[in-house]
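Engineer: need a structure here:
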Amino acid sequence: MPERTPETDVIDFRAAEHLLAARDPGGAVKLLDSVIAAHPENTAARLLRARAFFAAAQLRPAELEFELVLEREPDNAFAHFALARTFERSGRSDRAARHFRLAAALDPNPEYLKAARFRTED
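Structural biologist: Model prediction:
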């Protein structure tokens, strides 16, 4: 097996983005596994892998990855929103509500505000 380099990790990360966009979350996870093994501190790769897990309906791994991202970046509004969607999809709306509100408080994105049930002006 060829030696991994930073360049191959970037290529794999970008390919994983494309696979996720092409609705192949399993392929994205496979590529990201090696990137994260080489760079476990890479929050962007972990966030992308969490999104891939979510898209593949692997909710527990998605939850764990989103939580890890939030440990490192507690002000990441998207990670709060995505974690809330993960909780919501797994039937834990009580836990989802907290993260929807945090996402909306961190970023007044209309989608976040709507999910948090905050009023927005039309």
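Engineer: Kindly list the longest helix within this structure.
Structural biologist: helix 6-21 (DSSP state H).
Engineer: buried set for that helix?
Structural biologist: Buried residues in helix 6-21, counted by 16 or more other Cβ atoms under 10 Å: 9, 12-13, 16-17, 19-20. In short, each C-beta sits where N, CA and C put it, glycine included.
Engineer: Kindly report the same for stretch 89-107.
Structural biologist: 95-97, 99-104, 106-107.
Engineer: Contacts made by it with the rest, please.
Structural biologist: Applying Cβ atoms under 8 Å, 6 or more residues apart in numbering, the contact partners of stretch 89-107 are 54, 57, 59-60, 63, 75-78, 80-81, 83-85, 87-88, 109, 112-113, 115-118.
Engineer: Just the buried residues out of these, in ChimeraX syntax.
Structural biologist: Buried residues among the contacts of stretch 89-107 (16+ other Cβ under 10 Å), as a ChimeraX selection:
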select :54,59,63,76,77,78,80,81,83,84,85,87,88,112,113,115,116
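Engineer: Okay, now the unreliable bits of this protein?
Structural biologist: 1-2, 118-122 (pLDDT under 70).
Engineer: need the helices for it, in chain order.
Structural biologist: 6-21, 25-38, 43-55, 59-72, 77-89, 93-106, 110-115.
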